[in-house]
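In: Below is the sequence, then the predicted model.
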Amino acid sequence: MPKTESAKTKCDWCGKEMECPKNRLAEKQVCIKCFTDKTDEMEKIPVGKLHIDLRIDNFHELAEFMVNSIDEMVELPTAKFYRTKRRKLK
Ligand SMILES: [Zn+2]
């Protein structure tokens, strides 16, 4: 498989420099940082029309983003569990 050439582009939200494969330049560009605090506008963009800058260079930001998402996912059931438990102790 031929390596896809990437081009320099800018994040459509904050203007930060990022890279994008040449065949996806027509899509909306978003850096990982802006994707993390996703706006309503971003959510309206259909899947496949948004290129997220997920390169290994951004690994640190990406890891942070994933940790935050996991926190959000586990927070709700855990809180519920503790509330139930507390009620039983009374
Ligand atoms: Zn950005």
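Out: Cool, got the structure.

In: Low-confidence regions, the protein specifically.
Out: By pLDDT under 70, the low-scoring segments of the chain are 1-2, 56-58, 70-90.

In: any chance you could map the helices in it?
Out: Under the criterion DSSP state H, the chain contains helices at 32-36, 40-43, 59-89.

In: Show me which residues of this protein are close to the ion?
Out: Applying Cβ under 5 Å from the ion, we find that the chain lies next to the ion at 11, 13-14, 16, 31, 34. (Each C-beta comes from the backbone N, C-alpha and C, glycine too.)

In: want to try JSON lines for the residues you listed, with neighbour count as columns?
Out: What follows is the residues of the chain next to the ion, written out as JSON lines (neighbours: other Cβ atoms under 10 Å):
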{"residue": "11", "neighbour count": "21"}
{"residue": "13", "neighbour count": "18"}
{"residue": "14", "neighbour count": "11"}
{"residue": "16", "neighbour count": "14"}
{"residue": "31", "neighbour count": "21"}
{"residue": "34", "neighbour count": "20"}
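
In: Can I get the residues you listed in TSV including distance to residue 61?
Out: Listed next are the residues of the chain next to the ion as TSV, based on distance: Cβ to Cβ, whole Å:
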residue	distance to residue 61
11	12
13	14
14	13
16	11
31	8
34	11
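
In: which residues touch stretch 15-33?
Out: Residues outside stretch 15-33 that contact it (Cβ atoms under 8 Å, 6 or more residues apart in numbering) are 4-14, 34, 42, 45, 48-55, 58, 61-62, 65.

In: Give the buried residues for stretch 47-66.
Out: Neighbour-count burial for stretch 47-66, counted by 16 or more other Cβ atoms under 10 Å, picks out 50-53, 58, 61-62, 65.

In: how about the residues you listed, which pair is most distant?
Out: Greatest spacing in the buried residues of stretch 47-66, by Cβ to Cβ: 50 and 61 (16.9 Å).

In: tally of neighbours for residue 32?
Out: If you count neighbours by other Cβ atoms under 10 Å, residue 32 ends up with 21.
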